[in-house]
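>>> Using only what follows, build the 3D model:
(chains A and B, ligands or ions: 1)
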Amino acid sequence: MSNRTLKGKTAIAGVGETIYYKHGQSPDPEFVLVLQAILKACEDAGISPKEIDGFASYSNDRNEPTRLAAALGINDLRYSNMNWGGGGGGVAAAIGNAAAAVSVGFADFVVAFRGLAQGQFQRFGRAAPVPTVSGGPAYMSPYGVMSPLQKYAMRAMRFMHENKVDHSVLRAISMASYHHAQNNPRAVMYGRPLSEEKYDDSRWITEPCRLFDCCQENDGAAACIIVSAEKAKDLKQKPAYILGAAQGSDHRCGAPVMNATNFPSSSFASLAPRLYEMAGVTPKDVDVVQSYENFTIGVMMAVVEHGFCEPEECNEFFQLENLMAPGGRMPLNTSGGNLAECYMHGLGLQIEAVRQIRGDSVNQIPGADVALNIAGPMVHHVSTVIMGSEATL
Amino acid sequence: MSETYLPEGMPIPVPMNDELDRPYWQGLQDGKLLIQRCGDCGIWQWGPEWICHECNSFNMEWTEVEGQGTIYSWERAWHPVHPALSGHGAYIVVLVELPHAGNVRMIGNLLGDPTQDVEIGAKVKAVFEKHDGDQPYTLVQWKVAD
Ligand SMILES: [Zn+2]
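Next up, the predicted model:
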């Protein structure tokens, strides 16, 4: 079978975001937020919402395509897809699935979306107070391993031990996000800069992570519309082409009780080479990186596993100036990311990548042609997408 | 009345409703640490599953293992995420490799001072922690070996 690639066949033609709220502060229910984001994305692309004919999401999004299609009066629903796995590991996969659906002709205008109103539903950082637990959680919860951070911190602790990584690495990742958010009026942390002292003085949540290593929890919704490359050229915006997408994890990543074969990892080791092969680029070609920060520890390992530095080079590589737009070696999370813009389960980061390709980010990298976007490091099913300008095709 | 590392009110482990891991929880109640080993290819496997991940045999056997391990990784949790932990303070979780069971890993707490330095590679010894009550159960905890 030849030509098994997504490269250049589809593009993101429209993006939409609601106002980003602190968790529990959205005046609107989650479903309304999703509708708002989709309508904004349609307006951005210059298409009618009735033309949407497919939906892709992840992390068991509660807003079902059939309800959305009926609510929007969509003429002909042709595609619906949910990527398995919790957390934000599926955000790039949702975009990849949408692109695959468009490229084989299942549908023409597929929306990848995510809505979160945690005030309306259970928060992520709290354990449900259930009296008994069974299965995987029975081997963790009774020992106080319940929150996402508690489930992933030991992957990083081992990685940092093996590679002699300093805490300054995590601080630089956090500070890059806060630094970029200061130019971004959409960011929840706009006007709230982070200094080294403030980071160092912040409390431990679970070692090796302090407060500023952890993402916010927010309410909001985001959406992007994937269309064929041909269609994208006729629409309003400069297309952000999908060059490659990959999802998955390596041998026994999801083995219970933390028995993954490759444990000190963010789960991207086997995925990244496939991704680069499809996109036809190497880390050297990447102009800007958006890496989902559930926690800074995941960003650290994900950047390594995507080949930007060797594990033992972390202390030199992760210096704030290397991560800053516009001139850093690897500008990172240029909107402020999950830490400082908004935790929209990573979709906000994907939209920031589209802005970089279009050339209208608040922290624009001059002439950015290739953007790499990492989803949900350390969860057991992760994904990455690479977007590019027309010059990369 | 038994002394436990974490306060009462933590979630109570019960066997899976398909009975897969009942032997493990019953073994702890009987003072035995039982880990899965494949009856065909001999590979050790943890956590429990119905099938061997190496040879795909369903002939998984519960095999008693010595309660000795090595700290592979660890974390110290400070921020309480469960009501029973509010006001409790920091506690240490260790991921322990079992050299006598193919280096499979188990999760437990490291007994002793919750602010102690933790050394990856340190030898640890299993301690069975009994929990009484209407739904009695036993946890495996770890302490640094002398
Ligand atoms: Zn076997």
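
>>> ok and the residue in chain B nearest chain A?
Proximity to chain A, evaluated over chain B using CB to the nearest CB, is greatest for B:Gly47 at 2.9 Å. C-beta coordinates here come from the backbone N, C-alpha and C atoms, glycine included.

>>> I figured B:Ala84 hits B:Ile12, correct?
No. With contact defined as CB atoms under 8 Å, B:Ala84 does not reach B:Ile12; the gap is 11.0 Å.

>>> the more surrounded of those two?
Relative neighbour count places B:Ile12 above the other of B:Ala84 and B:Ile12, with 19 against 16, counting by other CB atoms under 10 Å in any protein chain shown.

>>> where does that one fall, phi/psi-wise?
With angles defined as degrees, to the nearest 10, B:Ile12 sits at phi -100, psi 120.

>>> Now the closest residue to it other than its chain neighbours: phi and psi?
Nearest non-adjacent residue to B:Ile12, counting by CB to CB, 6 or more residues apart in numbering or on different chains: A:Thr132, 4.7 Å away. For A:Thr132, the backbone dihedrals (degrees, to the nearest 10) come out as phi -120, psi 160.

>>> Let's see the pLDDT reported for A:Thr132.
Note for A:Thr132: predicted pLDDT of 93.

>>> What about it, how many residues nearby?
So A:Thr132, with other CB under 10 Å, has 13 neighbours.

>>> Surely the residue of chain B closest to chain A is in contact with A:Ala260?
No. Look at B:Gly47 against A:Ala260 with CB under 8 Å: they stay out of range, at 11.2 Å.

>>> who has more neighbours, these two?
Set B:Gly47 next to A:Ala260 and count neighbours by other CB under 10 Å: B:Gly47 wins out with 23 against 20.

>>> what residues are up against the residue lying closest to the more buried one once chain neighbours are set aside?
Spatial nearest neighbour of B:Gly47, chain neighbours left out: A:Pro256 (2.9 Å); criterion: CB to CB, 6+ apart. Going by CB atoms under 8 Å, 6 or more residues apart in numbering or on different chains, A:Pro256 touches A:135-136, A:139, B:46-49.

>>> Report whether the expected contact of B:Gly39 with B:Glu61 is present.
Yes. Taking CB under 8 Å as the definition, B:Gly39 is a contact partner of B:Glu61 at 4.6 Å.

>>> per-residue pLDDT, the residue in chain A that chain B sits nearest to?
Here the residue of chain A nearest chain B is A:Pro256; by CB to the nearest CB that distance is 2.9 Å. For A:Pro256, the model assigns a pLDDT of 95.

>>> before we move on, what about A:Arg126?
As predicted, A:Arg126 sits at a pLDDT of 67.

>>> Low-confidence regions, chain A specifically.
Chain A contains residues with pLDDT under 70 at A:1-2, A:119-130.

>>> So in it, which strand runs the longest?
Counting by DSSP state E, the longest strand found in chain A is strand A:218-228.

>>> Contact residues of the stretch 1-150 of chain A facing the ion?
Not one residue of the stretch 1-150 of chain A sits near the ion, judged by CB under 5 Å from the ion.

>>> where exactly do the strands run in chain B?
Going by DSSP E, chain B shows strands at B:12-13, B:34-38, B:44-45, B:60-64, B:68-77, B:91-98, B:104-109, B:123-131, B:137-144.

>>> okay if I get the ones you listed as a markdown table plus mean pLDDT and distance to A:Pro366?
Shown next, in a markdown table, are the strands of chain B (pLDDT from 0 to 100; distance: least, CB to CB, whole Å):
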| stretch | mean pLDDT | distance to A:Pro366 |
| --- | --- | --- |
| strand B:12-13 | 96 | 56 |
| strand B:34-38 | 98 | 57 |
| strand B:44-45 | 98 | 53 |
| strand B:60-64 | 98 | 59 |
| strand B:68-77 | 98 | 41 |
| strand B:91-98 | 98 | 45 |
| strand B:104-109 | 98 | 47 |
| strand B:123-131 | 98 | 54 |
| strand B:137-144 | 98 | 54 |
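
>>> Distance to A:Val145 for the ones you listed - can I get that in TSV?
Shown next, in TSV, are these (distance: least, CB to CB, whole Å):
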stretch	distance to A:Val145
strand B:12-13	12
strand B:34-38	19
strand B:44-45	20
strand B:60-64	24
strand B:68-77	8
strand B:91-98	6
strand B:104-109	6
strand B:123-131	15
strand B:137-144	12
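
>>> export the ones you listed to CSV and tack on distance to the ion?
CSV is the format used below for the strands of chain B (distance: least, CB to the ion, whole Å):
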stretch, distance to the ion
strand B:12-13, 26
strand B:34-38, 3
strand B:44-45, 8
strand B:60-64, 8
strand B:68-77, 23
strand B:91-98, 18
strand B:104-109, 14
strand B:123-131, 25
strand B:137-144, 24
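
>>> Which among those strands is found nearest to A:Glu207?
Between A:Glu207 and the strands of chain B, the tightest spacing by CB to CB is seen for strand B:68-77, at 4.2 Å.

>>> by contact count, what packs against the closest one?
helix A:148-163, strand A:204-207, strand B:91-98, strand B:123-131 (3 or more CB pairs under 8 Å, 6 or more residues apart in numbering or on different chains; DSSP states H and E).

>>> Quickly run through the sheet partners of that strand, with directions.
Using DSSP bridges, the strands paired with strand B:68-77 in its sheet are strand A:204-207 (antiparallel), strand B:91-98 (antiparallel), strand B:123-131 (antiparallel).

>>> Return the members of the contacts of A:Pro256 classed as buried.
Taking 16 or more other CB atoms under 10 Å in any protein chain shown as the criterion, what is buried in the contacts of A:Pro256 is A:135-136, A:139, B:46-48.

>>> wait, which of these is closest to A:Asn81?
Nearest to A:Asn81, judged by CB to CB, of these is A:Gly136 at 25.7 Å.

>>> Stretch A:152-169 close to chain B?
Yes. For stretch A:152-169, a contact with chain B is found by CB under 8 Å from any CB of the partner chain, at A:153-155, A:157-158, A:161.

>>> Tell me which two of the residues you listed sit farthest apart.
Most distant of the residues of stretch A:152-169 next to chain B, by CB to CB, are A:Ala153 and A:His161, 12.3 Å apart.
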